[in-house]
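# Need coordinates for the following:
(2 chains)
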Amino acid sequence: MAGDCDPAAVFALLDDEYARSLLAATSHEPMTAPELSDQCEMSLSTVYRRLDQLETCGLVAAETVPDPDGDHTKTYEAQLDELLVTLEDGSFGVSLSTTSTTAEFADAFTDLWEGL
Amino acid sequence: MEIAGLDLRTWARIGQAIWWLSALVGLSIVALAVAGYRRNRSTSMLFLGGGIATLTVVSFVTTLLAARLFSPALLSGIFPLLDGLTQLVGMCLILYAIVLARRE
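Residues are numbered from 1 along each chain as shown, chains lettered A, B, ... in the order given. This next block holds a predicted model:
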């Protein structure tokens, strides 16, 4: 679900070119902020600011991965599969559907079969 | 006549339940294969799904239909042919899915 975020904030994020490229880049695999800064050609501070907004709305999820040398790296992954916008009694609503369990099993099955 | 404390009719019912269950499990594997095809655009998964569907669901339906349509005498002659043919088609589909998977 779109967290504690109001629909307008979600629309604003999706209208933002930087936020969209961050979403697209993290939809394949989890990535760190410096990697994203490299790949999407934007400054690290822009990456952090957008990721922060995307995370508040539940559009990306952050995970902390422990490094062998004691540091902790945060990786980000897009949580968006489909976004449903509703208009009911004059108020907008957004609901986010993430990858379902069935879809995950289907992907695992495809990977298994194609890896044979 | 009883086997392991259950009469033959009960055993036949258990057999039928297992038969239904295997068709259902087959159907869910087919659904996953089709979802895999749609999500990953993998034609190989479509043929794999088709093959599993033929071996489980189609075979289930033909058995059900044959039992209704044909008299027992006719059935004993025609059923091995129907069943064998369904299995052959199903396995050919899976074989083709393997060939496709190598190519993709």
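
# from here on, contacts and neighbour counts on C-alpha atoms
OK.

# Quick one: residues contacting the residue sitting nearest the centre point of chain B.
Centroid-nearest residue in chain B, with CA atoms, centre = their mean: B:Thr56, separated by 1.5 Å. Contacts for B:Thr56 (CA atoms under 8 Å, 6 or more residues apart in numbering or on different chains) come out as B:22-23, B:26-27.

# can you rerun that using 6 Å?
Going by CA atoms under 6 Å, 6 or more residues apart in numbering or on different chains, B:Thr56 touches B:23, B:26.

# Check which residues of the helix or strand where B:Leu93 lies are buried.
Taking DSSP states H and E as the definition, B:Leu93 sits inside helix B:72-103. Buried residues in helix B:72-103, defined by neighbour count with 16 or more other CA atoms under 10 Å in any protein chain shown: B:75, B:79, B:82-83, B:86-87, B:90-91, B:93-98, B:100-101.

# check those against chain A, which are close?
Residues of these in contact with chain A (CA under 6 Å from any CA of the partner chain): B:Ala101.

# tell me which of the buried residues of helix B:72-103 is nearest to B:Ile52?
Comparing these against B:Ile52 with CA to CA picks out B:Gly90 as the nearest, at 6.5 Å.

# ok, now how distant is that closest one from A:Ser37?
According to CA to CA, to the nearest Å, B:Gly90 stands 50 Å off from A:Ser37.

# My read is that B:Val30 contacts B:Phe47, right?
No - taking CA atoms under 6 Å as the definition, B:Val30 is not a contact partner of B:Phe47, at 10.0 Å.

# mind checking how far the closest residue to chain B within chain A is from A:Gly115?
Across chain A, no residue is closer to chain B than A:Ala106, which sits at 4.6 Å (CA to the nearest CA). Separation of A:Ala106 from A:Gly115 (CA to CA) stands at 14 Å.

# on that earlier part again, of the buried residues of helix B:72-103, closest to chain A?
B:Ala101 (5.6 Å).

# Any idea what A:Thr73 is bridged to?
A:Val65 (DSSP bridges).

# Give the next helix or strand downstream of whichever strand or helix holds A:Val10.
Using DSSP H and E, A:Val10 falls within helix A:7-15. Sequence-wise, the next helix or strand beyond helix A:7-15 is helix A:17-25, with elements assigned using DSSP H and E.

# Restrict that next one to CA atoms and write it as PDB.
Taking Å, rounded to 0.1, in the frame of the first residue of the first chain, the C-alpha atoms of helix A:17-25 are listed here in PDB:
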ATOM      1  CA  GLU A  17      11.900  12.200 -14.300                       C
ATOM      2  CA  TYR A  18      14.500  11.400 -11.700                       C
ATOM      3  CA  ALA A  19      12.100   9.400  -9.500                       C
ATOM      4  CA  ARG A  20      11.000   7.400 -12.500                       C
ATOM      5  CA  SER A  21      14.500   6.500 -13.600                       C
ATOM      6  CA  LEU A  22      15.300   5.400 -10.100                       C
ATOM      7  CA  LEU A  23      12.200   3.200 -10.100                       C
ATOM      8  CA  ALA A  24      13.100   1.700 -13.400                       C
ATOM      9  CA  ALA A  25      16.700   1.000 -12.400                       C
END
